[in-house]
Structures are given as C-alpha cells and as structure tokens.
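J.: Sequence and predicted structure, then a few things I'm wondering about:
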Amino acid sequence: MDAPVIREFRAGDAPWLVERHQTLYARDEGFDDSFGPLVAAILDAFIAGHDPACERGWIAEAGDRRLGSIFCVRLDDRTAKLRLFLLEPEARGQGLGKRLLATCMGFARGAGYGGMQLWTHESHRAACALYRATGWELTESKPVTSFGVQLVEQSWRISL
C-alpha cells in the first residue's frame, strides 16, 4: 500500500463515505438502514452550504484507495464540531487516525475556534482512547436506542 495522504474532501467522495459508514456500522455495530441516510443528509448539507473558511472535510487515501475521513463543522462562533471520523479496518492502528484528528483540530484552531465537541458511542474504544490521549474530555454518557440497537452515547469536548 502507498503511504497514506490526507487531502480535502470533494463532493465526489460522498457516495463512498455514505456506503462505508452504512456497511461498516451495520457489520460492526449492528446498525439498521437508517444510518446511511443520516450520513447522506450530513454530507448533502455540508456540500450545499459549508463555509470553507471555518468548515472543512478531509479524506485519507493511499493510491486510489480511500481509507478514512474526518470533518470540522461550525457549531457556533466559538465551537467546532468533529464529524464523520471513519477509518477502514485495514488502516487502523497505524497512526492515520491520529493524523486525521490532528489535521482537523489544527484547522479548527487556525479558523479561530476556542473549542471543539463531538458525539460518538462508547463501543468505539480506539477512537475514545485517541480522544482521551489528545486532551478531549468526556462530558456526558447515556444509554440510548439508536439505529435499531442499544448504545451508550457519549459527548466529548476540548479547549483549543
């Protein structure tokens, strides 16, 4: 595999990103078919109206193979939201997630945000360990039923 690079998201990446979220979350978490349309709606809104000065998305790839994604979107004037952080299974454990997270947080800092927030699930242990290791703080954890399964939903934040 070629060395992975991180490039800006392009609208043509959206179908891949929706499919990979739907497929991987169904396989690994048991999510139902409502998850893909949610990812599609998030991407459609981003493509239609994001402000590139304060909102950005990135794709990790090696050669012609996409390996992951991460997005920084505006929550309010002082806070960015991390979204759509995904790594293909074969790309995990090699530092690529850390690089994507650093890219996203560096952009948020440069765009003038004072902090970031994210929403995830407790079952994403590697991602949660990465958040903790990079200074994120768990602010809320609660059991929910989402996408047809029982989950423990988590909210995290960090000051930049």
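T.: Thanks, I have it.

J.: what helix or strand does the residue nearest the centre of the chain sit in?
T.: The centroid of the chain falls nearest to Phe85 when counting by Cα atoms, centre = their mean (1.9 Å). Per DSSP states H and E, Phe85 falls inside strand 79-87.

J.: next one: Ala127
T.: Assigned by DSSP H and E, Ala127 belongs to helix 125-133.

J.: Rounded mean pLDDT for that helix, please.
T.: The average pLDDT within helix 125-133 is 92.

J.: Extract the CA atoms of that helix and return them as PDB.
T.: C-alpha atoms of helix 125-133 as PDB (Å, rounded to 0.1, in the frame of the first residue of the first chain):
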ATOM      1  CA  ARG A 125     -13.000   2.200  22.100                       C
ATOM      2  CA  ALA A 126      -9.900   3.000  19.900                       C
ATOM      3  CA  ALA A 127     -11.400   6.400  18.900                       C
ATOM      4  CA  CYS A 128     -12.300   7.200  22.500                       C
ATOM      5  CA  ALA A 129      -8.800   6.300  23.700                       C
ATOM      6  CA  LEU A 130      -7.400   8.600  21.000                       C
ATOM      7  CA  TYR A 131      -9.700  11.400  22.100                       C
ATOM      8  CA  ARG A 132      -8.600  11.000  25.700                       C
ATOM      9  CA  ALA A 133      -4.900  10.800  24.800                       C
END
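
J.: Next, the angle strand 79-87 makes with that helix.
T.: Angle, helix 125-133 to strand 79-87, by axes from the mean of the first three to the mean of the last three Cα atoms, to 10 degrees: 140 degrees.

J.: Distance from the chain centre to helix 125-133, please.
T.: Averaging C-alpha positions (Cα atoms, centre = their mean, to the nearest Å) puts helix 125-133 13 Å from its chain's average.
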